[in-house]
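> Provided below are the primary sequence and the corresponding predicted coordinates.
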Amino acid sequence: MESNLFHLQYAIDTFYFLVCGALVMWMAAGFAMLESGLVRAKNTTEILTKNVALFAIACTMYLVCGYAIMYGGSYFLSGIAGIDVTSILGDFADREGGFEGGSIYSSASDFFFQVVFVATAMSIVSGAVAERMKLWSFLIFAVFMTGFIYPLEGAWTWGGADVFGMYNLGDLGFSDFAGSGIVHMAGAAAALAGVLLLGPRKGKYGPNGEIRAFPGANLPLAALGTFILWMGWFGFNGGSVLKLGDIASANSVAMVFLNTNAAAAGGAIAALVTARAMFGKADLTMLLNGAIAGLVVITAEPSTPSALTATLWGALGGLVVVLSIVALDKLRIDDPVGAISAHGVCGFLGLLLVPVTNSGVSFSGQLIGAVTIFVWVFVASLIVWSIIKAVMGIRVSEEDEYEGVDLSECGMEAYPEFVSSK
């Protein structure tokens, strides 16, 4: 009887992990729709190409070396220069009963759940560097980000490894339930490094300090993308409970779902109201970023706050993201989709709020953890971006940027019927 219960729990936990991983994978579609809706029509095909390609690269690089770097799999690290992919796949198939935090599931399902998080971090970079970055330069950076930069900081946090052998973030009281810092702030840090080297889009900022709006080509698509992200986030946060097959875990999953939804709603409302107060109009793009900001904030700790607290935290994120987007524009840091603000600034905010409802976490530990993640990802990304820039360049020509990167990078347009024939 006990054996049957164990097998049932194993099946339930593994199946739950896989379904949540599929929901997070669906967030890739959300990022693709959101970003393609917020860029101009002439850059749509390229942004879609980036989002599909980066997902494929993330899955491959995390399989080849990223998972091993992050969790210390000896079967990978026995010789990264000469990896036996067959033995890797065989190991996933043969190992049963992976244990993490008391949960029981297939190690293959663990890999699948982790790999979609890697792709999420890289998706954040895509929108921030949109409309002026070379496609192949971006994809080369994706190899390093998903294969090495992200897995290493993940090893210091979820992997439990010491930071360059000096200190362990967990021992310092650092906690990040589902990745406000580990995933979202890390992606934003990599994006910021790329944006600073790229510079703003041509014509975005005038000589007298004026800021020119570049409206997105398809706001219905952007709204759809936000709803897809909102839905996918239930897998992102809910799956991070790591198990479902007992009463306590089921109750925890339900609370995480409730708080995730509450924070998104609070963020959307606060951003809408803030935009109305600042601009005199209801700004849809700020509303969308407000919902995402609320989701990012609650990701650091969705299991311990009450639903009302989660709503207030999300609202704080919605307020902060509007102020941050405006501030970055004044600093001439051009982020076409607001990714650095929504994922970076609000990811940091989420980390700082964790100790409010989690007594086992310290503010100092959260600060040290946040600084460690940001500095590592930003500096490492800056170095990689700089090397790519020196070797092959990272920005398209001024003419290609004016014509749109769809034609120069992909040779096709997303909306060809809207272009008059010559």
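Right, received. Where do you want to start?
> for Gly347, see how far away Ser303 is.
Distance of Ser303 to Gly347, given as CB to CB, to the nearest Å: 17 Å. (C-beta placed from N, C-alpha, C; glycine too.)
> same check on Leu197?
Look at Leu197 and Gly347: by CB to CB, they are 21 Å apart.
> the more surrounded of the two?
Gly347 (32 against 17; other CB atoms under 10 Å).
> now the strands for the chain?
Per DSSP state E, the chain carries strands over the ranges 98-100, 103-105.
> what's the least confident stretch among these?
Of all those, the minimum mean pLDDT falls on strand 98-100 (a mean of 44).
> all helices of the stretch 51-200 of the chain, in order?
Applying DSSP state H, counting those that start in this stretch to the stretch 51-200 of the chain gives helices spanning 67-71, 74-77, 85-94, 107-128, 135-144, 150-157, 186-198.
> cool, and the stretch 301-422 of the chain?
Using DSSP H, counting those that start in this stretch, helices in the stretch 301-422 of the chain cover 307-330, 339, 346-357, 363-391, 398-403, 405.
> and the ones you listed, which is most packed in?
helix 339 (a mean of 30; mean count of other CB atoms under 10 Å).
> near the nearest residue to Val321 once chain neighbours are set aside, how many other residues are there?
Setting aside the residues directly before and after it, Val321 is nearest to Ala293 in space (CB to CB, 6 or more residues apart in numbering), at 3.8 Å. Residues lying near Ala293 (other CB under 10 Å) number 38.
> can you check Ser303 too?
Ser303 has 18 neighbouring residues, counting by other CB under 10 Å.
> thought it was touching Phe257?
No - Ser303 lies out of contact with Phe257 (CB atoms under 8 Å); the separation is 10.5 Å.
> okay, the helices of the stretch 51-200 of the chain in TSV with mean pLDDT and distance to Thr49 next?
Shown next, in TSV, are the helices of the stretch 51-200 of the chain (pLDDT from 0 to 100; distance: least, CB to CB, whole Å):
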stretch	mean pLDDT	distance to Thr49
helix 67-71	90	26
helix 74-77	40	29
helix 85-94	42	26
helix 107-128	94	10
helix 135-144	98	6
helix 150-157	95	21
helix 186-198	98	17
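> closest to Ala217 out of these?
helix 107-128 (13.8 Å; CB to CB).
> re earlier: would you list the helices of the stretch 301-422 of the chain in a markdown table and tack on distance to Val163 and mean pLDDT?
Listed next are the helices of the stretch 301-422 of the chain as a markdown table, based on distance: least, CB to CB, whole Å; pLDDT from 0 to 100:
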| stretch | distance to Val163 | mean pLDDT |
| --- | --- | --- |
| helix 307-330 | 27 | 98 |
| helix 339 | 26 | 97 |
| helix 346-357 | 16 | 98 |
| helix 363-391 | 6 | 98 |
| helix 398-403 | 39 | 94 |
| helix 405 | 38 | 96 |
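> among those helices, which comes closest to Asp162?
helix 363-391 (11.1 Å).
> and the angle for that closest one with helix 107-128?
Interaxial angle, helix 363-391 versus helix 107-128 (axes from the mean of the first three to the mean of the last three CA atoms, to 10 degrees): 70 degrees.
> isn't Ala119 up against Asn51?
No - if you go by CB under 8 Å, Ala119 and Asn51 don't touch, sitting 9.3 Å apart.
> anything in contact with each of those two?
Counting by CB atoms under 8 Å, 6 or more residues apart in numbering, the common neighbours of Ala119 and Asn51 are Ala28.
> let me see the contact set for Thr157.
169-170, 174, 176, 181-182, 369, 373.
> now do 6 Å
Contacts for Thr157 (CB atoms under 6 Å, 6 or more residues apart in numbering) come out as 169, 182.
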